[in-house]
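[1] structure for this input, please:
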Amino acid sequence: MLSGYRLMWMTVLFDLPVGTRKERRAATQFRKFLLDEGFEMSQYSVYMRFCAGKEQADAYTRRVEHEVPSTGKVPHHVHHG
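    Next up is the predicted model:
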């Protein structure tokens, strides 16, 4: 039995503009942030990370939301499974 832990995968999907040099730099910095946080690229603009429970997933959600470039879109959907 795994006690109270609920193991899950967290997925970050995003659409970031890259029309200007500033936007491309912001998109690159966001992708680098995700990699530094332990996410792996599943496919372009889709990153995944294993989480040991809801609390850890919530903490990563807050950090990701804080780092999203102001011109980007990251739909907020949390799926616990």
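[2] next, the contact list for residue 30, please.
    Neighbour list for residue 30: 14, 16, 67, 68, 69, 72 [criterion: CB atoms under 8 Å, 6 or more residues apart in numbering]. To be clear about C-beta, it is placed using only N, CA and C from the backbone, and glycine gets the same treatment.
[3] so of these, which ones are in helices?
    In helices, judged by DSSP state H, the following of the contacts of residue 30 are found: residue 67.
[4] what about the helices in this structure?
    For the chain, applying DSSP H gives helices covering 21-36, 54-67.
[5] report the buried residues of the shortest one.
    Neighbour counts over helix 54-67 (16 or more other CB atoms under 10 Å) mark 56, 57, 60, 61, 64, 67 as buried.
[6] so which of the helices of the chain is nearest residue 48?
    helix 21-36 (9.6 Å; CB to CB).
[7] was I right about residue 34 contacting residue 45?
    No: counting by CB atoms under 8 Å, residue 34 does not reach residue 45; the two are 10.3 Å apart.
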